[in-house]
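Student: structure, please.
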Amino acid sequence: MGQAKPVLVPDVSQRNIEIAYSFTGAELLLFGAILYPGGRVPEERDADIVVVVKGPSQSILVREKQQIAGIWVNAARVRYLSAPSYYALASSKPIDALLDERSRAIYEIGLDSLQLSPASGDAPDENARFVRGLVDLKRRSRLYVEAPGAVEITDGVLYRARLTIPARVPVGRFTAETFLIRKGRVLAAAVREIDIRKSGFERFVARAADRHSISYGLAAVALSVLFGWAAGWIARRL
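Tutor: Got it, this is the predicted structure:
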């Protein structure tokens, strides 16, 4: 029989996050324990923890702007069929010190290891340039985050990390995946799910737009015309 491996028991502080009009972001606490075979913690406490929180995958079109005759215009573009809408990583050490490039790519650990599935067969150099551009844009929006050293491990057993959920976070089913790493190998992994959804009036509007798109569009146009007419009427009376 093979040697028994450690087991991860992870959890998150919030399984459900509701977004209302006053939502300014949330702090997510990710914590858990490492259960070793026989309950014995190794004398060499050299195990590390990486936590990756991912949002729902989505299709994203990335455009590159070029200056032509003094005017910035859209030039080349690449569509990615499956890019995470949100990606946040916290680790006990820098990722490149824990895993080699191949292992990071297998588990999609790190922003430089994302598998984005381009729709077209562009040259590798061009695809890499667009990936860097996409990651940079997401970083600026705080939707892609890497936090090396953010995971604290206590007595080689308990761990915890904090990640910030920004106000512009998309809604949907998120996953929080925890990896136990030792000597360049992933020894264990476990997943918890997080639901982020709109609440109150925002939820009503989102559902109406999704389920009754034509009626929602007509209502939006009618309201725009009504408000425009009302503003003009008030201006003429002043």
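Student: domain assignment for this protein?
Tutor: Domain assignment for the chain, taken from automatic domain parsing, gives 7-55+83-198, 199-238.
Student: lowest average pLDDT across the ones you listed?
Tutor: Lowest mean pLDDT within the domains of the chain: domain 199-238, at a mean of 64.
Student: residue boundaries of the helices in this protein?
Tutor: Residue ranges of the helices in the chain, as given by DSSP state H, are 101-107, 124-140, 200-211, 213-237.
Student: quick one on the thing from earlier: output the domains of the chain as TSV; include the columns mean neighbour count and distance to Arg77.
Tutor: Yep, even glycine has a C-beta here, placed from its N, CA and C like the rest. Conversion of those to TSV gives the following (neighbours: other Cβ atoms under 10 Å; distance: least, Cβ to Cβ, whole Å):
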stretch	mean neighbour count	distance to Arg77
domain 7-55+83-198	16	8
domain 199-238	11	26
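Student: let me know which of those domains is the nearest to Lys65.
Tutor: domain 7-55+83-198 (10.1 Å; Cβ to Cβ).
Student: CA-only coordinates of stretch 19-35 in PDB, if you can.
Tutor: Extracted in PDB, the C-alpha atoms of stretch 19-35 (Å, rounded to 0.1, in the frame of the first residue of the first chain):
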ATOM      1  CA  ILE A  19     -24.400  42.700  -3.700                       C
ATOM      2  CA  ALA A  20     -26.700  45.600  -3.000                       C
ATOM      3  CA  TYR A  21     -26.500  49.300  -4.200                       C
ATOM      4  CA  SER A  22     -24.400  50.100  -1.200                       C
ATOM      5  CA  PHE A  23     -21.900  47.300  -1.800                       C
ATOM      6  CA  THR A  24     -18.300  48.500  -1.500                       C
ATOM      7  CA  GLY A  25     -16.500  45.200  -1.400                       C
ATOM      8  CA  ALA A  26     -16.000  42.500   1.100                       C
ATOM      9  CA  GLU A  27     -13.200  40.800   2.900                       C
ATOM     10  CA  LEU A  28     -13.000  37.000   2.600                       C
ATOM     11  CA  LEU A  29     -11.300  34.900   5.200                       C
ATOM     12  CA  LEU A  30     -10.000  31.500   4.000                       C
ATOM     13  CA  PHE A  31      -8.900  29.100   6.700                       C
ATOM     14  CA  GLY A  32      -8.600  25.500   7.500                       C
ATOM     15  CA  ALA A  33      -6.400  22.700   8.800                       C
ATOM     16  CA  ILE A  34      -3.900  20.100   7.500                       C
ATOM     17  CA  LEU A  35      -4.700  16.600   8.800                       C
END
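Student: and that stretch, how far out from the chain middle?
Tutor: 13 Å (Cα atoms, centre = their mean, to the nearest Å).
Student: before we move on, what about stretch 55-68?
Tutor: Its chain's C-alpha centre and that of stretch 55-68 lie 16 Å apart, by Cα atoms, centre = their mean.
Student: which one is Ile95 nearest to, not counting chain neighbours?
Tutor: In space, and not counting its chain neighbours, Ile95 is closest to Gly110: 4.6 Å by Cβ to Cβ, 6 or more residues apart in numbering.
Student: that neighbour touches Ser103, doesn't it?
Tutor: No. Checked against Cβ atoms under 8 Å, the pair Gly110 and Ser103 is beyond contact range at 10.2 Å.
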